[in-house]
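[1] kindly return the folded structure for what I paste below:
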Amino acid sequence: MIQLVSMNLNAWRIFHKLIIPKLHDRMIVATYHYSKAIGIVTNDPEIKEYAPSVW
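    Now for the predicted structure:
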């Protein structure tokens, strides 16, 4: 199931611990970790380095 989620304070805490150069990529990966998702729907090679992709 695909779910649209927003970042809360705990997701922002994860965000600040990540070392990913691009701001929006870091936001996506932080949200992935916070929500304990099984993967991210993306074709972005940089995001694929940090989280499993469904693309």
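
[2] what ranges do the helices span in this structure?
    9-17, 23-35, 45-48 (DSSP state H).

[3] verify the stated contact: residue 50 with residue 30.
    No: shown here, residue 50 and residue 30 do not form a contact pair, counting by CB atoms under 8 Å, at 9.8 Å. All C-beta spots, glycine's among them, are computed from the backbone N, C-alpha and C.

[4] more crowded one of the two?
    residue 30 (23 against 18; other CB atoms under 10 Å).

[5] that one and residue 15 touch, don't they?
    Yes: look at residue 30 against residue 15 with CB under 8 Å: they come within range, at 3.8 Å.

[6] for stretch 20-28, which positions count as buried?
    20, 25, 26, 27, 28 (16 or more other CB atoms under 10 Å).

[7] just to revisit the earlier point, for the helices of the chain, give me TSV that also has distance to residue 3.
    Putting the helices of the chain into TSV (distance: least, CB to CB, whole Å) gives the following:
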stretch	distance to residue 3
helix 9-17	14
helix 23-35	8
helix 45-48	17
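
[8] so which of the ones you listed is nearest residue 2?
    Distance to residue 2, taken as CB to CB, is lowest for helix 23-35 among these, at 11.9 Å.
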